[in-house]
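Trainee: generate a structure from the sequence data that follows.
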Amino acid sequence: MRIVVQRVKNASVTVDNKEYDNIGRGLLLFVGIEKNDSINDIEFVANKILQLRMFPDDNNKMDKSILDINGEILSISQFTLASNLKKGRRPDFSNAKSPKEAELLYKAFNSVLKKKTKLKEGVFGAMMNIQSINDGPVTFIIEKKEL
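Mentor: A predicted model of the protein is given here:
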């Protein structure tokens, strides 16, 4: 799994020129599911995100999690995060999980998040437009293989 986590003031997702969903203060997640990912990875990575201290406390130190601030999460599936750019000029997507399997893992990931916080999500496999105001900016990349 490769997930880009952005602290946002707000974010929204548009599908077919209509706003599909939006959040206020919280996290925007771009979620890439890779071939070697399994259901066993989902809960660990989701809990890592839920407990990640990336919001400021009263001293402006990153010491609060999404749970601490009662924030929202917008989760967007993004298979391009599973790409390999080492050779040539065209991205290689052979490391991406098949769409059917990736959707199952993406939904399982969102289900874990939804149990503990307010979660909104995009449409798996759809062309989406994402708008956000990055707060900070604060952006982290979480890769399962590094955890």
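Trainee: ok, residue 81 - contacts?
Mentor: Contacts here follow Cβ atoms under 8 Å, 6 or more residues apart in numbering; on that basis residue 81 touches 2-4, 30-32. (C-beta placed from N, C-alpha, C; glycine too.)
Trainee: so it: helix, strand or coil?
Mentor: At residue 81 the chain is in helix, as set by DSSP: H, G, I helix; E, B strand; the rest coil.
Trainee: what distance do you get for it to residue 55?
Mentor: 23 Å (Cβ to Cβ, to the nearest Å).
Trainee: list the contacts for the residue lying closest to residue 52 once chain neighbours are set aside?
Mentor: Among residues not flanking residue 52 along the chain, residue 65 sits closest, at 6.1 Å (Cβ to Cβ, 6 or more residues apart in numbering). Taking Cβ under 8 Å, 6+ apart as the contact definition, residue 65 lies against 50-55.
Trainee: one more time with 10 Å, if that's ok
Mentor: For residue 65, the contact set (Cβ atoms under 10 Å, 6 or more residues apart in numbering) comprises 27, 49-55, 71, 117.
Trainee: neighbour-wise, which one of those residues leads?
Mentor: residue 27 (29 neighbours; other Cβ atoms under 10 Å).
Trainee: tell me which strands the longest strand along the chain pairs with, and in which orientation.
Mentor: Counting by DSSP state E, the longest strand found in the chain is strand 128-143. Applying DSSP bridges, strand 128-143 is found paired with strand 2-15 (antiparallel).
Trainee: just the CA coordinates for the partner strand, please, in PDB.
Mentor: The C-alpha coordinates for strand 2-15 follow below in PDB (Å, rounded to 0.1, in the frame of the first residue of the first chain):
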ATOM      1  CA  ARG A   2       1.100   3.500  -0.800                       C
ATOM      2  CA  ILE A   3      -1.000   6.300   0.800                       C
ATOM      3  CA  VAL A   4      -0.500  10.000   0.400                       C
ATOM      4  CA  VAL A   5      -1.900  11.700   3.600                       C
ATOM      5  CA  GLN A   6      -2.600  15.400   3.500                       C
ATOM      6  CA  ARG A   7      -3.700  17.600   6.300                       C
ATOM      7  CA  VAL A   8      -6.500  19.800   4.900                       C
ATOM      8  CA  LYS A   9      -8.700  22.700   5.900                       C
ATOM      9  CA  ASN A  10     -11.300  21.200   3.500                       C
ATOM     10  CA  ALA A  11     -11.500  18.900   0.500                       C
ATOM     11  CA  SER A  12     -14.100  17.700  -2.000                       C
ATOM     12  CA  VAL A  13     -14.500  15.100  -4.800                       C
ATOM     13  CA  THR A  14     -16.400  15.700  -8.000                       C
ATOM     14  CA  VAL A  15     -17.700  12.900 -10.300                       C
END
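Trainee: many thanks, I have nothing further to ask.
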